[in-house]
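> Requesting a structural model of the entry that follows:
(one chain, ligands or ions: 1)
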Amino acid sequence: MTNKLDQLQQNIAQAKLGGGQKRIDSQHSKGKLTARERLHLLFDDGVFEEIGMLVTHRSVEFGLDREKYLGDGVITAYGNINGRLTYVFAQDFTVFGGSLSEAHAGKICRLMDLAMQNGAPVVGLNDSGGARIQEGVVSLGGYADIFYRNTLASGVVPQISAIMGPCAGGAVYSPAITDFILMVENTSYMFVTGPNVVKTVTHEEVTSEELGGASAHSIKSGVTHFSCANEIACIADVKRLLSYMPQNCEDTAPAVAYTAGNELRPALNNIIPPNANQPYDMREIIAQVVDNDFFEVHKNYAENIVVGFAHLAGQSIGIVANQPAVLAGVLDIHSSKKAARFVRFCDCFNIPLLVFEDVPGFLPGTDQEWNGIISNGAKLLFAFSEATVPRITVITRKAYGGAYDVMNSKHIGADMNFAWPTAEIAVMGAAGAAEIIFKNEIAASADKSAKLKEKELEYTQHFANPYRAAERGYVDEVIMPDQTRQKLIAAFNMLKNKVAKLPRKKHANIPL
Ligand code: HXC
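Sure thing, here's the model as predicted:
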């Protein structure tokens, strides 16, 4: 009896050692934590229940029959994060470089099945050399089993991928299907083909970090939503991200404590500059309106639009805001895709949407047209139009052209539309409009420049305000900026039981 109990204790101790102390030391020497250390940081009080600790691979080729490690390079576990059930897998780089075998994939699939059946988020801590090379196609099959589950779980339970080491080849597609990706600076990378293949095929000389490090993917490609200074910061961001989400698509996000008080924010009356062409930072407005906790997503990518989570009167909301401080807040391909993806996430998981609008239109030019601003801009239009969560827009300044329609207008299903007195709602800016509609008058004038200025002013006085839209009910209320928080709290509260259904269909065909 004692022997049997001892044997179990030995097995557990062995499993906890992963690939052994030497490899654990090597992991630490690279500035990385082990899979188990990461899990202790992620779960509340470091407590989790492990599933499949004694699983091993079944391969015999290339000497694998002589090399087995309990757990086979991935820890699958469940426990509480922020007091709520969460399923987590953590790849163990000390075991075959965290590479994915058939058995390793089976453990992840089992975890995902449980998460789906029990309606709780899945977090993946990725640190892997990719497919277990000695296993061949069964490893590839294992990846596909995971991709398939990622896809089926999309929109059912939140899925988060933290990249904490290598993530290469087709392995990148599991994180890509999940809702959010976080990368650790300097110790993680993601690419479809590494620097050597790149050199052979395109003759480009590039390091792993340059090609697929956290900065490349947080600034250039937008593949990652968060770039984290180190693993501890990354795990803290995963926890914070989860705190804004419900457990699944049938649930609502948890509310945080909030005591009603004076909701007027006088500082908001002084943010819009006197000159409509002068920039300002939309984040200043967001900071005044929310409960002090804006958590920005995709902070360094397509900065002409700002997206992120916050609480308003304790309720979780998603914010999409044009950013006049970058490219005048224009909508382009990247910003449209960034915002559309965020809107889709919020709608999947019943998180109400708040839009701040100051947009001069879509970015003109061959680069944008030839790269598909039409179909990419349509993504955002489609995402807003399909969203059935409570949706409110605040027009702070410009709402020009097609961008007026796209940025959560009443016409595409927004529930409430507020405008500040500084709002300008028109087909285009006054100068461009005057040049077109008064073309002949200007051409016939002796002083063309003075005439243009005069006509520009006429157009401005006519349309550069919110009142034409308010007359039609396109704007529900023109409000003083300092009332914004108070008005939004009341309106979201009024909308909290909103029920909206889309027409019955198999699924829509978003312009991908
Ligand atoms: C089996 C692997 C492995 C793999 C690493 N190891 N990758 N074992 N299959 N894919 C093992 C190593 O043999 C080594 O074992 C240990 O993990 C650590 O690896 P090192 O090379 O010593 O570590 P490091 O120098 O940090 O380099 C890490 C690495 C490198 C960059 C990930 O190991 C590497 O390039 N590995 C191969 C990556 C790869 O080509 N994978 C297949 C991609 S294709 P010991 O015993 O010494 O500790 C793919 C297709 C997926 O994944 C398709 C899905 C659809």
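> what does the stretch 51-200 of the chain put close to the ligand?
Counting by CB under 6 Å from any ligand atom, the stretch 51-200 of the chain comes close to the ligand at 96-97, 99, 129-133, 140, 143, 166, 168-171. Yep, even glycine has a C-beta here, placed from its N, CA and C like the rest.
> Now which of these would you call buried?
Burial by neighbour count, judged by 16 or more other CB atoms under 10 Å, picks out 96-97, 99, 129-132, 140, 143, 166, 168-169, 171 from those.
> residues contacting G165?
Contact analysis of G165 by CB atoms under 8 Å, 6 or more residues apart in numbering lists K32, Q91, F93, G98, N126, D127, S128, T187, S188.
> Wait, the fourth one touches A131, no?
Looking back up the chat, that one is G98. No - G98 sits out of contact with A131 when judged by CB atoms under 8 Å, with a separation of 11.3 Å.
> Next one, pLDDT for the most far-flung residue of the chain relative to its centre please.
In terms of distance from the mean C-alpha position of the chain, A446 ranks first, at 54.7 Å (CA atoms, centre = their mean). At A446, the model reports a pLDDT of 90.
> got it, and the one 5 residues further on?
Model confidence at K451, expressed as pLDDT, equals 89.
> ok, for it, nearest residue in space, not its chain neighbours?
Leaving out its chain neighbours, the residue that sits closest to K451 by CB to CB, 6 or more residues apart in numbering is S445, at 3.8 Å.
> Regarding that neighbour, what are the backbone dihedral angles?
Per-residue torsions, S445: phi -80, psi 150 (degrees, to the nearest 10).
> what's the burial count for it?
If you count neighbours by other CB atoms under 10 Å, S445 ends up with 15.
> For the biggest strand by length in the chain, what does the pLDDT average out to?
The longest strand of the chain (DSSP state E) is strand 391-400. What strand 391-400 shows for mean pLDDT is 97.
> Let me see the residues that make contact with the following helix or strand past it.
On the C-terminal side of strand 391-400, the nearest following helix or strand under DSSP states H and E is helix 401-406. Here helix 401-406 makes contact (CB under 8 Å, 6+ apart) with 331, 357, 359-362, 377, 380-381, 384, 411-412, 425, 427-428.
> Tell me who's in contact with F191.
Residues near F191 by CB under 8 Å, 6+ apart: A168, V172, S208, L211, G212.
> no, scratch that, I was asking about A399
Neighbours of A399 in contact, by CB under 8 Å, 6+ apart: E357, D358, V359, M407, A419, A423, E424, I425, A426, A469.
> now do F384
V343, L353, R391, V406, M407, N408, I412, G413, A414.
> and of those residues, the nearest to the ligand?
Closest to the ligand out of these is V343 (29.1 Å), distances taken as CB to the nearest ligand atom.
> can you count the residues close to E477?
13.
> Please name the bridge partners of it.
With DSSP bridges as the criterion, E477 is bridged to F418.
> Name the helix or strand for P273, please.
Counting by DSSP H and E, P273 is found in no helix or strand.
> Redo the buried ones among the residues of the stretch 51-200 of the chain next to the ligand as TSV? Include pLDDT and secondary structure.
Listed next are those as TSV, based on pLDDT from 0 to 100; DSSP: H, G, I helix; E, B strand; the rest coil:
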residue	pLDDT	secondary structure
F96	96	helix
G97	95	helix
S99	95	coil
G129	92	coil
G130	93	coil
A131	94	strand
R132	94	coil
L140	95	helix
Y143	97	helix
P166	92	strand
A168	88	strand
G169	85	helix
A171	86	helix
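> Looking at the stretch 151-300 of the chain, which residue is nearest the ligand?
As assessed by CB to the nearest ligand atom, the ligand sits closest to G170 within the stretch 151-300 of the chain, at 2.5 Å.
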